[in-house]
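Asker: return atomic coordinates for the entry below.
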Amino acid sequence: MKLVDKIVQASDKPLGPKSRLVAIILPIFVFFGLFPTLFFLLPALVLDKWLNWPTFANVTIRVIAALALIAPGVLFLLWTIKAQREIGKGTPMPLIATQKLVVQKPYSYCRNPLAFGLVNFYFGISIFIGSPSSVLLVFVFSAIILSYIKFIEEKELEQRYGNEYVEYKKRTPFIIPRLKFG
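Answerer: Purely as a prediction, here's the structure:
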């Protein structure tokens, strides 16, 4: 059985209270505990020193650039989770997947507002700390997560939602939000 089929199958099964709690807490730990340690602490405290890479840019430039990435990142992260919970009746995690395809804001701006938010948030922190190795690791992570979304998650969504997702995919950009004015 292909990975996509296993994900679709897992998303159809209801979880018990303990499994549901683990499915909620584990990703929070991974994305806001483990990954930040790997992407920010280790590079800044170990890799940059080992590679003899200096901190880039002055503090003012780093703070301004970081805030320009972190603010929309956090906005899209929280907005996406709220939309998945309230509209889709689920979460970003495949084990507690949405029960309805969410195409309303922020999903009307891009198909992957959660990834957009997370990538911006991580890049913003990397720039804030001024660590070249951190920026490099976040870039590699971004390429991996976006590849997973493109080649696995999109196939899973096509299986779960069929033509409704295919049509949505045709009219909505992948990751860079298309802001609509007027």
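Asker: could you list the low-pLDDT ranges of this structure?
Answerer: 1, 3-16, 19-20, 95, 181-182 (pLDDT under 70).
Asker: let me see the ranges of the strands in it.
Answerer: In the chain, no strands are defined using DSSP state E.
Asker: next, name the residue at the spatial heart of it.
Answerer: Central residue of the chain (C-alpha atoms, centre = their mean): residue 115, 2.7 Å from the mean position.
Asker: once you drop chain neighbours, what's closest to residue 66?
Answerer: Closest residue to residue 66 apart from its sequence neighbours, by C-beta to C-beta, 6 or more residues apart in numbering: residue 128 at 3.6 Å. C-beta: built from backbone N, CA, C; applies to glycine.
Asker: residue 60 is in contact with the one you found, correct?
Answerer: No: assessed by C-beta atoms under 8 Å, residue 128 is found out of contact with residue 60, at 11.6 Å.
Asker: between these two, which has more neighbouring residues?
Answerer: Using other C-beta atoms under 10 Å as the criterion, residue 128 and residue 60 rank with residue 128 on top: 19 against 8.
Asker: residues touching that one, list them.
Answerer: Going by C-beta atoms under 8 Å, 6 or more residues apart in numbering, residue 128 touches 62-63, 66, 70.
Asker: quick one: it and residue 65, what's the gap?
Answerer: Distance, residue 128 to residue 65, by C-beta to C-beta, to the nearest Å: 8 Å.
Asker: what separation is there between residue 27 and residue 60?
Answerer: Taking C-beta to C-beta, one finds residue 27 at 34 Å from residue 60.
Asker: next, the residue in the chain sticking out farthest from the centre: phi, psi?
Answerer: Each residue of the chain has a distance to the centre, and by C-alpha atoms, centre = their mean the biggest one is for residue 52: 30.5 Å. In terms of degrees, to the nearest 10, the main-chain angles of residue 52 are phi 60, psi 40.
Asker: what distance do you get for it to residue 140?
Answerer: Taking C-beta to C-beta, one finds residue 52 at 20 Å from residue 140.
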